[in-house]
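> Everything below, folded, please.
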Amino acid sequence: MSLFKKRTAGKPGEWYYCLEHQKVEEGPECPAKDRFGPYASRQEAEHAMSTARERNLEWENDPKWHDAPAAGRDDD
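Residues are numbered from 1 along each chain as shown. Purely as a prediction, here's the structure:
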């Protein structure tokens, strides 16, 4: 038994989605590297993966951040 237990960050009443276990957790149960959150409610945490997909699509299709070369331009 160690003298100093490393605690995960977060507070009870905050909801997280654990990527490793694919489940919703109240308070921090798993390490921060394995979870999304915190979310204000259980329902928000349950939809974490769909929220992430939607945000990724928005980011990928954002014309300000699109890395494709301009039409008619040849950088080779």
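> What is the host helix or strand of residue 16 packed up against?
Element membership of residue 16, judged by DSSP states H and E, is strand 15-18. Secondary-structure packing of strand 15-18 (3 or more CB pairs under 8 Å, 6 or more residues apart in numbering; DSSP states H and E): strand 23-26, strand 35-39, helix 42-46. Every residue, glycine included, has its C-beta placed from N, CA and C.
> send the alpha carbons of the last one over as PDB?
What follows is helix 42-46 as a C-alpha-only set of coordinates in PDB (Å, rounded to 0.1, in the frame of the first residue of the first chain):
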ATOM      1  CA  ARG A  42     -25.600  12.100 -17.400                       C
ATOM      2  CA  GLN A  43     -27.400  12.600 -20.700                       C
ATOM      3  CA  GLU A  44     -24.700  14.800 -22.100                       C
ATOM      4  CA  ALA A  45     -22.000  12.200 -21.100                       C
ATOM      5  CA  GLU A  46     -24.100   9.500 -22.700                       C
END
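> And the next helix or strand past that helix?
helix 48-60.
> May I see the buried residues of that following helix?
For helix 48-60, a neighbour-count test (16 or more other CB atoms under 10 Å) marks residue 48 as buried.
> Please list the residues outside it that contact it.
By CB atoms under 8 Å, 6 or more residues apart in numbering, the surrounding residues in contact with helix 48-60 are 17, 36, 37, 39, 44, 65.
> Just send the helices and strands packed on strand 15-18 back as TSV, with mean neighbour count too.
Below are the helices and strands packed on strand 15-18 laid out as TSV (neighbours: other CB atoms under 10 Å):
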stretch	mean neighbour count
strand 23-26	16
strand 35-39	19
helix 42-46	15
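> What's the per-residue pLDDT of residue 53 here?
Model confidence at residue 53, given as pLDDT, is 96.
> With residue 22 as the reference, measure out to it.
For residue 53, the distance to residue 22 equals 15 Å [CB to CB, to the nearest Å].
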